[in-house]
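Peer 1: Sharing a model prediction with you, sequence too.
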Amino acid sequence: MPKMGQSRKMDMLSGPLAGKIIAFALPLAASSILQQLFNAVDVAVVGHFAANQAQATAAVGCNGPVINLIVNLFVGVSVGANVVVSGFIGHQDREGANRAVHSAMAIALASGFLLLFIGLAVSRPILELMDTPEDVLPYAVEYLRIYSIGMPVIMVYNFGSAILRCIGDTRRPLYCLTLSGVINAILNIIMVVVFHLDVAGVAIATVASNAVSAGLVWHFLTHEESEIRLDARKLRIDTGDMKRIMAIGLPAGLQSMVFSVSNVIIQSVLNGFGTNAVAGSAVALNYENFTYFVVSAFCQAVVTFTSQNFGAGQYRRCNRIFRLSMLFAVISAIIMSWAFILGRGFFTSVFTDDPEVGRYARLRICIVLGLYFVLCSYEISGSALRGLGHSLTPAVLTVFGTCVFRLFWVWVVCRIWPRFDVLLAVYPISWVITGTAVLSAYFIMRDKAYRMHHALSTQLWGRGLVKTGVSDIIGPEERL
């Protein structure tokens, strides 16, 4: 058991891959699921104990797309931080890695306070633009404004956990979220059942629990012994590191942001089906998120493992990382999604006793989760491209394959057939389109990226501008 402050660094550059990818991804998946449980517990508590259960459930649920819209740009930037720091580690540049860590955390704090003010300013206008039902709007605005106060700690946690992932440490973020998840659940009960604060109560509980997880991640980084050690006195943004982080992170963040815009528009159409449909959709969305976070964990594994091995010039190892992660993600998605489909009666009852809300929830689970594994095709391949330093291409293809197509579906198809099931059918159809495009781009761009990196590394090594050359850090079987 490592002592306090001792590095939990994983060797991603040598040895078998399958076990390390699973060891990296499973704690990360559990962490993400626990983070989603903040919202899920909010929905469950207000769905059973709030004075106006359907309205409160809808208020919490309809804020999901809005919150994602507000925060996803900067969460994408944290992916850029992960790639840049991991690249320095793979190239054995400890000084560069540490400098990038401090730049990333300075960006995290600045973005957190920016999002705080944006969230407070746009809460009511954006919820009104989404045609949030009148009986739900006051509760939804109240929840979003309180949630926005916690944006700085949310950014600290997301960037901090991304930095820990650079050395393969996904366990300590899991410990953070386990503790904060317990705190969240306890505070939810106290705020809603004891103090009758309903929507405001679950929002306060979420902010408080997020603060706990952020504080723990900050503590881990400031007591770390590896190159990712954080010193608050050194927090500053290095221009060069910021450019590299933004080059990878901004396209990823913009993709997520535009993706969230399409979901907000879908949510606005869904709001037109009434409070019960909104509440039922919010219930089902929890299980979609649980499944997605397992897939996303393998995406993070692809980014981190690929960026380190690519930096070290281990190109065939990068290929194996892609194949294994795709296999693990597809199998996990199939198992989880069909477990939720087969047990949909039980799973919806966890969040609601209302029969009409439950009917909408079960319908969404069947339509969206049936082909959920197809989503892996573009998520894993897009993450592999980001690990290779190509973030713009998967972002553009995903925007067109999902976002643009979904807008076409909402504005054309749903006007011809304005039905709940027709609206939700857009998800699996868009996954097939996007997966075909991004997978094709990955196979086309991958070998070109390897050749360019090999040539550049060899040139810089020959000129003495880097400490190690590709031929020093890879075996003959890895060279092109």
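Peer 2: All right, it came through fine. Fair warning: this is a prediction, and the values are worked out from it, not measured in the lab.
Peer 1: Could you use CA atoms for every contact and neighbour count after this?
Peer 2: Fine.
Peer 1: Could I get the CA-only coordinates of stretch 324-338 as CSV?
Peer 2: This file holds the C-alpha atoms of stretch 324-338, laid out as CSV (Å, rounded to 0.1, in the frame of the first residue of the first chain):
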residue,chain,number,x,y,z
LEU,A,324,-8.3,-3.6,-26.7
SER,A,325,-10.1,-0.5,-25.5
MET,A,326,-12.7,-0.8,-28.3
LEU,A,327,-13.3,-4.5,-27.4
PHE,A,328,-13.7,-3.7,-23.7
ALA,A,329,-16.0,-0.7,-24.3
VAL,A,330,-18.3,-2.6,-26.7
ILE,A,331,-18.7,-5.6,-24.3
SER,A,332,-19.3,-3.4,-21.3
ALA,A,333,-21.9,-1.3,-23.2
ILE,A,334,-23.8,-4.4,-24.3
ILE,A,335,-23.9,-5.9,-20.8
MET,A,336,-24.9,-2.7,-19.1
SER,A,337,-27.5,-1.5,-21.6
TRP,A,338,-29.3,-4.8,-21.9
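Peer 1: Might you list the low-confidence residue ranges for the chain?
Peer 2: Scanning the chain for pLDDT under 70 picks out the ranges 1-8, 35-40, 456-480.
Peer 1: middle-most residue in it, spatially?
Peer 2: The centroid of the chain falls nearest to residue 296 when counting by Cα atoms, centre = their mean (6.5 Å).
Peer 1: element containing that one, please.
Peer 2: Assigning secondary structure by DSSP states H and E places residue 296 in helix 275-311.
Peer 1: Just list what that helix packs against, helices and strands only.
Peer 2: Helix 275-311 is packed against helix 18-49, helix 53-90, helix 239-271, helix 315-342, helix 355-369, helix 376-387, with contacts defined by 3 or more Cα pairs under 8 Å, 6 or more residues apart in numbering; DSSP states H and E.
Peer 1: I'd like to know which of those helices lies nearest to residue 130.
Peer 2: Minimum separation from residue 130 across these (Cα to Cα) falls at helix 239-271, 4.3 Å.
Peer 1: now the angle from the closest one to helix 275-311?
Peer 2: With axes from the mean of the first three to the mean of the last three Cα atoms, to 10 degrees defining the directions, helix 239-271 sits at 160 degrees from helix 275-311.
Peer 1: mind listing what residue 395 touches?
Peer 2: Going by Cα atoms under 8 Å, 6 or more residues apart in numbering, residue 395 touches 251-252, 254-255, 382.
Peer 1: who's in contact with the nearest residue to residue 254 once chain neighbours are set aside?
Peer 2: Distance criterion Cα to Cα, 6 or more residues apart in numbering; nearest residue to residue 254, sequence neighbours excluded, is residue 73 at 5.5 Å. Each residue near residue 73 by Cα under 8 Å, 6+ apart is listed here: 250, 252-257.
Peer 1: Could you double-check that the residue nearest to the centre of the chain sits in contact with residue 29?
Peer 2: Yes: using Cα atoms under 8 Å, residue 296 is in contact with residue 29, at 7.3 Å.
Peer 1: about what we covered before: for the contacts of residue 73, give me CSV that also has neighbour count.
Peer 2: Shown next, in CSV, are the contacts of residue 73 (neighbours: other Cα atoms under 10 Å):
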residue, neighbour count
250, 25
252, 30
253, 25
254, 22
255, 25
256, 24
257, 24
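Peer 1: Could I get these in a markdown table, plus columns for distance to residue 183?
Peer 2: Shown next, in a markdown table, are the contacts of residue 73 (distance: Cα to Cα, whole Å):
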| residue | distance to residue 183 |
| --- | --- |
| 250 | 33 |
| 252 | 32 |
| 253 | 30 |
| 254 | 33 |
| 255 | 33 |
| 256 | 29 |
| 257 | 30 |
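Peer 1: right, and out of these, which lies closest to residue 67?
Peer 2: Using Cα to Cα, those come closest to residue 67 at residue 257, 10.3 Å.
Peer 1: Check the spacing between the closest one and residue 74 real quick.
Peer 2: To residue 74, residue 257 is 9 Å away according to Cα to Cα, to the nearest Å.
Peer 1: Now the helices and strands packed on helix 275-311 in a markdown table, please, with extra columns for distance to residue 443.
Peer 2: Output for those, formatted as a markdown table (distance: least, Cα to Cα, whole Å):
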| stretch | distance to residue 443 |
| --- | --- |
| helix 18-49 | 21 |
| helix 53-90 | 20 |
| helix 239-271 | 19 |
| helix 315-342 | 10 |
| helix 355-369 | 27 |
| helix 376-387 | 9 |
